[in-house]
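A.B. asks: sequence first, predicted coordinates after that:
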Amino acid sequence: MYNQSQVTGFTAWANVRLLASDPQVTNVLKDLFIGTHLKALLESFTGKTLRRMQSMDGLTLQQVITRVEWFVEELKKTKIISENDNINCRAIARRNYECVLNLLWKLIAHDIWFTWERSSQLQLSDDKLLCSIPFKWTPEVPPTSKKTDPPSGSTLALFADLKALSSPINGSGVSPTPEPCPQPEVEPFPGRDLAKAYNSKIPIRGWEFYPSPDQCILEMVNSHLQMSAKGKTLLAKSLDNLVDGHILCCLANSFLPGTFTIEVLLNDRWSANLALKTMEKLLYSSSSFTSDDLYQGDSTAVCAYMCSIFMAGYKYKQCRAVAQSVKKLQIQIAVIRSNLRVFPSEILELNQFQQKSELHQRQTELQKELGRLCTLYDVKSCQKWMAHAEKVQKKTWKYIRQKMKGRFETVTVPRNITITGLCLSLLIDLSLTRGGGFYLAREKETVARNRRIILQNKETGEYIDDFSGFQPHVSVRKILSLSATDVMEPRVYQKYKIFLESDSKNKILKKNSIFLYQVFPGSASHWQQLVFKALRSRDYTAVKDMVLFFRTTHNEVINTEDPSTGNTALHLACRSGHFETALLLLENGASLNVRNKNGCTPCFFAAAGQHRSVCQLLIEWGCDFHAKDSRGQGPLDAIHSERLKEYLLGYSALWSSAVPAIMHGGANVLYEVVQKHLQEMAGMASLRSRCINGSTLLHTAAYFGETDIIKTLLGLQVDVNLLDYKGATALHRARDSETMQFLIDHGADVNRKDDDGNTPVHVVCYGEQGKETRLDCLRLLLSYQATTVKANRKGLLAIHCAAMQGRIDVIELLLQCDSDGEMQRKIQRATETNSPSLLYLAVANDHLKCAEWLATRSFTFKPTEQEELLYGLFQQEIGRKEKTKTLEFLIKSGVSVDTVYAGGDSTLHLAALQTNLTELLALLLGQGADVNKLNDEQCSPLFYAVHVSNFQGAALLLENGAGVMLRDSQGLTAFDYIRSYDEWIESGLFSEEITTLLKAYDLKQTRSLIRGITRKLNMLDARKQLLNSSAWFNLESSHVAACWVKSQPRILLSKSVMLQERPDMNLTSRVSDCNRQHRMGNIMFPKII
C-alpha cells in the first residue's frame, strides 16, 4: 500500500511536467495510465513526439506492457535513467504501486539534480543575468528532415525514373534504402554548461557524485532564505524543518516579494498552508499538498513537492526578469527617441553630431537586446504571468485581512487524541490564547466563571468573544444569560455554535470533533507593541515590512500612541535618527505634529538627537518647527550647535515662503528650489518629500507642465511613479499631452491606480471643472494601451467620470476604442451592481445635453433611478440649470408623475412644498398627476402648499380640482392651517368662490379666538375668587391670556409637516428614515416604495 502524502507530492511534480497538458492529473498513480498522460510525460523529457504511443484507453494488458517498455526505452536512450536500471515494466503495467513510484522517483531525482544545477544562476538578482539563458526542462530536438518526392509528371520526376532504371538491382530484388539526410547538431539545452558555471558545487565527475536529492532541496531552500533579512535568521537543517510556517512564507517571498509579513504571522499550520497554496496559485500548480503532508510524508514526498515548487518557481522568476527587462529596455529606447527629437533638423554642430551618433548607437544596442529577448522568450506570456502574480498577491492579502477580522481557525480532529498531541501533530500554536484551546460543545457542561467561551453566529460565521479585545464591550455570558456556575445546554442556543475552553491540555478530543484556536490577535495594541519592539531593537527591515502591511489592514497602528509616554512610531524613529524609517512612516500616513504626554512632537526628538537630516525631512513635510512643549520649550532649545540652529531656522523660513509662492503658480520658484538642491545651496533631505501641500516636486512640475524640471528630477533618480498624498503619480497630475508623453517615455505607469482607485484615464475623462476636454491626452494614453475597463473604488469606469462632467466627446472616443466590446460589458455589469448608470450621472450632475445624447445611443436608466432623480429635482439637489427640461426628459424616459415615496408623499406633494417650482408643478398637473393624492397622514398636496404659503402653487392645485374639504388624520382641512388669511385673500390669485371660502375661514377663526379668550377669562375670574392677591391675579391673567392668544394662529397640522414651527424644514426630514443610496455628485435619494 502506498503513502497518500507520497502520491500527493508526486502528483504535484507530475503536474508541473504536464503543465501544457489539459486536464492535469489528480492522482498520478491512477491517472498516468489514462488517456495520453504517459505519452505527454515522456515527451516532456525527450522533446520528441513518439507516434506509436497514443492513448492508453481501451488497451489490453500486453499492449500496456509494450507501451511501458517503449516509455522506459526512450528514457534510457536520452539518459534520463541509467541503462543499468532494472525496470519491471510488467509490474508497472499491472499498476504495482511500489514499482510505479520507484520509476517516478528516478524521474523526480533527475529533475531535482537538473534544477539544482541551474539554481545558482536562477537565484541571481540581476535581471539581465537571470534571463541570459532560458530555463526549460524539455530539450530541443532537430526538426525531422524528410526527402520530398518531385511532383508526378514533372521533368525532375522523369530524370528520377530514368536514374532508377539505370541503377543495378541488388540480389534481393529490393531497392536499396536511401541514406538518411544528415541532421544538424542541436544542443538539447542551449547555454546549460554556461549556466552550470554559476554553481561551484557541481562535482566534475558527473551525476553519480551529485548530492542526494534531499540535500539539493535543502541547499536551494536555504539559498532562498538568504534573500531576505528575516530568512537569514532561519535555517532548514533537515526536511522536517520545512513544516516551519515562517520558512515557507520566506520561500514564497523569494518568488513573490512582499507577499507575507512574517512578523505578524504565527508559526503554525495556518501560515504554512497559506504559503503553500499561494505558491501553487502563483505557479499554476495543482495539488492538495498541505502542511500535514510535510509533517507526515517521507523524504521522497517532500522532495517531489519541493521539486515542483522550484521548477515552476524558477520558471516564473525568469519570466518576471524577462518582463521587467523588456519594460526597462522599452523605456530606455523611448528616452533616447525623446532626446533625439530635441536635435534640430538643420545642420548640426560637431558636439551635437557626436551626441546624436552616440544616441543612435546606444539605441541600436538596446533594440538588439530587446530583439534577443523577444526571440528567446514569449514576452506576452511572461507579462501575463506577472499580471497573474499580482492578482494572486492581492488575493492573499485580502484573505489575510479577512482572517485578521475573523481571528480564529477551526480544525477537524483526525482521530481520538489529546489537545497536546493534536497541537504537536497538526502544528497548532496556542500562544495567543496563553496555551488555551477550544472545542465545539455538543453536550451539557458546567461553565465556571473563569472559563472562556467563544460563540460563532451560524448565519454570518462571525466569532464573538470577550477576551481578545476585538469586541471590548461584549459579554458572552450576558448573551447566553449564564450566571457564575451555570450548566450550559448547547442545543438551547440555536443561533450560535459554542466553543468552550478546555480545562486541561490532556483532554482527549474525539475523532471528527471541532477544535478552535486563535491565529490573529483581536486588538491593534498587539501590533503596536510589535512595531515599537522592532524600533527599539533597531530592526528597521521588520519595521518596514510591518508598516507596509498595516498600511492596508490596520493603518491606525502607525499612529498608535504608547500608553505610558504617548510616543508614536515616528517619535521613536526620529529619536534614533533613522532617516529611511522616518520617511517610510511619513509616506504611509504618520501624523507629523502629534504630541506625546510632554507635548513634544517628533521634531523635538530629532532636534534633541542633533539629527540634521531628519529635522530637514520633517521641515520639508511641513512640521510646526516653532511648536512649544508643556514646559514652553521648542525644538531649537535642545540643539547644542548654534550653527545647526541657524541652518534649520533658515531652512524652515525657506520652505515657509516657497510653498505659498509655488501654490499660487510660481513655477519659477519651483525651478529655484530644484536648482538650489542641484547646487547643494539648500539641498533637500529627500526629493520624495511631499513638501507642497501633499505633493512632491515631481507632481508639482507635472501639474505646471515643466518638463525641464521633470527631466532634472528624473536624472536625480526620482521614481517617475512616485506617489503623492492621494496615492497618485505625476501622470495623474499632468494636464497636457507633452508632459504626459515625457513621463510615459520615462516609464510612467499608464494604468496605475491612486488611493481612490482612479487611473490616469479616469482623471483625464473627468477633467477639470469648467475647462475643455483634453482629448489629445486621452488619445495619448489609449495609444499606450491604457485600460478603460478598470473601475475605481466607487465602481465607476472612466466613461462614468466623463458622464459626470457631461463630456460627450470623451464618451464617443471611448466607445470608438472599445473594439472588443469589453467596456460595454463592464458598463452592463456595473449596472447590475450598485454603480449608477451613465444617464443617471449625467442628469444628476446637470448635464442634460449629455443625457439626451446618451439616450439616443440606447443607454438606459437602472430601475428606480428616474424616481430618485425626480425626488432630487424637487428637493432642488439637481437640475439647478434647466429644471423644466430635466423634468420633461425624465417624464419622456418613462418616470411616473404619480411616483410615491416613503411616507406616502407623491411627486406633487414635493412640488407643492417648493414656492419657486411653480412651472414644474404646472407640468406635473399637465401630465395628469393626481391632484388629490393622499399621503400616510391623509394630507393632499394642497395641505403642503398651504403649509409653506405657496400661493401660486395652491392656486394651480385649486384650478386643477384640488379638494378644499378633504380632512387629514387630525380632522382638519387644508385651509385650517392658514396663518394669515388676509395675505391669501389679498394675493388676488384665487377665484371668487375660493376667496369667499377664505373669508369664511377667517371669520370662523376670529370667532373661535373670541370664544377662547372669553373662556379663558372666565377661568381666570373663578381663580381670582380663590386668591387674595389681586396684584398677582392681574399679572398672571395678562400673561396667560397673551400666551394663549399668541398660540392660536399656530394650529398644528401634523408632526411630519409642521413647517411653520420650523421654517427651514423641508420634506427631506420626513423621509430621513428611508433607505438612501449614495450617488456620485453628493446626491442622497430615498428608495421608491
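C.D. replies: Received it, and whenever you're ready, just let me know what you need.
A.B. asks: so Leu18 touches Val25, yeah?
C.D. replies: Yes. Between Leu18 and Val25 there is a contact under Cβ atoms under 8 Å: 6.7 Å. Any C-beta I mention is one placed from the backbone N, CA and C, and that applies to glycine too.
A.B. asks: who touches both of those two?
C.D. replies: Common neighbours of Leu18 and Val25 (criterion: Cβ atoms under 8 Å, 6 or more residues apart in numbering): His37.
A.B. asks: so how far is Val411 from the nearest residue to Phe467 once chain neighbours are set aside?
C.D. replies: Using Cβ to Cβ, 6 or more residues apart in numbering and skipping the chain neighbours, the partner closest in space to Phe467 is Arg452 (5.5 Å). From Arg452 across to Val411, the span is 18 Å (Cβ to Cβ, to the nearest Å).
A.B. asks: and if you look at Leu570?
C.D. replies: 40 Å.
A.B. asks: the more surrounded of those two?
C.D. replies: Legend: neighbour count by other Cβ atoms under 10 Å for Leu570 and Val411, higher for Leu570 (26 against 18).
A.B. asks: tell me which element the more buried one is part of?
C.D. replies: Taking DSSP states H and E as the definition, Leu570 sits inside helix 569-576.
A.B. asks: need the contact partners of that helix.
C.D. replies: Contact partners of helix 569-576, identified using Cβ under 8 Å, 6+ apart, comprise 531-532, 535-536, 538, 543, 547, 558-560, 581-582, 585-586, 590-592, 594, 596, 600, 602-603, 605-606, 608-609, 611, 614, 618.
A.B. asks: mind listing what's buried in stretch 827-841?
C.D. replies: Residues of stretch 827-841 classed as buried by neighbour count (16 or more other Cβ atoms under 10 Å): Ile827, Ala830, Thr831, Ser835, Pro836, Ser837, Leu838, Leu839, Tyr840, Leu841.
A.B. asks: counting only helices, which of those make the cut?
C.D. replies: With DSSP state H as the criterion, helices contain Ile827, Ala830, Thr831, Leu838, Leu839, Tyr840, Leu841 from among the buried residues of stretch 827-841.
A.B. asks: out of these, who's nearest Ala945?
C.D. replies: Closest approach to Ala945 among those (Cβ to Cβ): Tyr840, at 29.5 Å.
A.B. asks: how about that closest one, nearest residue that isn't a chain neighbour?
C.D. replies: Glu865 (4.6 Å).
A.B. asks: before we move on, what SS does Leu251 have?
C.D. replies: On the three-state scheme (DSSP: H, G, I helix; E, B strand; the rest coil), Leu251 is labelled helix.
A.B. asks: now do the nearest residue to it once chain neighbours are set aside against Leu427, distance only.
C.D. replies: Among residues not flanking Leu251 along the chain, His224 sits closest, at 5.4 Å (Cβ to Cβ, 6+ apart). As judged by Cβ to Cβ, His224 and Leu427 stand 21 Å apart.
A.B. asks: residue closest to the middle of this protein?
C.D. replies: Centroid-nearest residue in the chain: Lys394, 6.6 Å away (criterion: Cα atoms, centre = their mean).
A.B. asks: before we move on, back to that, now, of the contacts of helix 569-576, which are buried?
C.D. replies: 531-532, 535, 543, 547, 558, 560, 581-582, 585-586, 590, 594, 596, 600, 602-603, 605-606, 608-609, 611, 614, 618.
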